[in-house]
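*Asks:* Let's see this in three dimensions:
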Amino acid sequence: MDEDTLRALKALADPVRLRILGRLAERPHTPAELADGIRRGRSPLGPPAVARHLDVLRAAGLLRDATTPAGAAVALRVERLAELGRSLDALEPTAGAAAATLLVDAAGRPLPPEDARVLRAFVVDGRLVSIPATARKRDVILRWLLERCFAEDRPYPEKEVNARLALHHPDVASLRRYLVDEGYLARESGIYRRTAPPPAPDGPPDDAPETRPTTPDAAPETRPTTPEGSPASA
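*Replies:* Coordinates of the predicted model:
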C-alpha cells in the first residue's frame, strides 16, 4: 500500500473528519458553516478545530476549493474517494474475485437476481455511489455492508466502525444508524456488534467426524428355565 493511500486512510479514521466529509458529500460548505454545524458534545466544533481537520483532509487529497454565495468554501473530491476504493480493491487477489463477491452471499451461495441487480446498480469499484432511498433496496446494501465490513463476530469500537464504513461511502453516520435501526448491529456505550453470527455454508464442515448409525446392544441369549431338579427337555 503506497504512502498516499495510507495517509488518506489515517485521515478517514477520525470520527469528526468523517462527519465533515458527510456534510461535504451533500454540498460545499464554508469553514464557518462547518464550525457552526458540527458539534462536539453540546458545543460547536469551532473554527480552529475545523481548520486543523480541513488541513488533514486537504493533505490527503480529499478536498478541493470551491465558492458559494456564503463565500470561500471547500468541497469533497469524490473522485479521490473512488480512487482510494480502487486502490484497496487492487489488494484483492484478482479483480474478478472482487467483482464476484457482489454476486454471492457470505456463505458463497448465489444471490437472488433482484439483490444482485441492486448491488450492480449501487456499488461501483467496491464503493456505494449513493444510499438507496427505498427500504427494500437499502436492506440489500445494509446486508452487503454487514458482511463486507463486519464479518467477524466481535466488538467494534465506533471509531473502527466509522473507518470501515468510510471505505464504502462518506456518510458513515447514516449508514451506521441504518445498520442499528434495522437490527444488523447492536450498539452499547460506543461499542458495536453483530446481532447474529455470520452465516455458515450449507452442509457439515469438512472436518466433522463421520457418524455411523447406532444399534442397540445385542440382547443376551436367554435359555428356558425348568423347575429345580427337573431336566430341561432337549
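*Asks:* Contacts for stretch 163-176, please.
*Replies:* 9, 12-13, 18-19, 21-22, 24-25, 76, 81, 84-85, 88, 126-128, 131, 142, 145, 148-150, 156, 158, 161-162, 185, 192 (CB atoms under 8 Å, 6 or more residues apart in numbering). C-beta here means a position set from N, CA and C on the backbone, and glycine is covered the same way.
*Asks:* What about these, which are in strands?
*Replies:* Counted as lying in strands by DSSP state E, out of the contacts of stretch 163-176, are 76, 127-128, 156, 185, 192.
*Asks:* Now do the strands in the chain.
*Replies:* So, for the chain - with DSSP E - the strands run 39-40, 43-44, 63-68, 71-76, 123-124, 127-128, 156-157, 185-188, 191-194.
*Asks:* And for the last one, what's in contact with it?
*Replies:* When you say that, I think you mean strand 191-194. 146, 150, 153-158, 161, 176, 180, 184-186.
*Asks:* Go again with 7 Å.
*Replies:* Contacts to strand 191-194, defined as CB atoms under 7 Å, 6 or more residues apart in numbering, come from residues 150, 153, 155-158, 161, 185-186.
*Asks:* okay, now residue 68: neighbour count?
*Replies:* By other CB atoms under 10 Å, the residues close to residue 68 number 14.
*Asks:* Quick check: pLDDT value at it.
*Replies:* Here, the pLDDT recorded for residue 68 equals 92.
*Asks:* Repeat that for residue 141.
*Replies:* pLDDT at residue 141 comes out at 94.
*Asks:* likewise residue 90?
*Replies:* 68.
*Asks:* would you list the strands of the chain in JSON lines and tack on distance to residue 115?
*Replies:* As requested, those are exported to JSON lines (distance: least, CB to CB, whole Å):
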{"stretch": "strand 39-40", "distance to residue 115": "37"}
{"stretch": "strand 43-44", "distance to residue 115": "42"}
{"stretch": "strand 63-68", "distance to residue 115": "35"}
{"stretch": "strand 71-76", "distance to residue 115": "29"}
{"stretch": "strand 123-124", "distance to residue 115": "11"}
{"stretch": "strand 127-128", "distance to residue 115": "15"}
{"stretch": "strand 156-157", "distance to residue 115": "24"}
{"stretch": "strand 185-188", "distance to residue 115": "20"}
{"stretch": "strand 191-194", "distance to residue 115": "19"}
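*Asks:* Just say which of those strands is most tucked in.
*Replies:* Among these, ranked by average contacts under mean count of other CB atoms under 10 Å, first place goes to strand 127-128 (a mean of 20).
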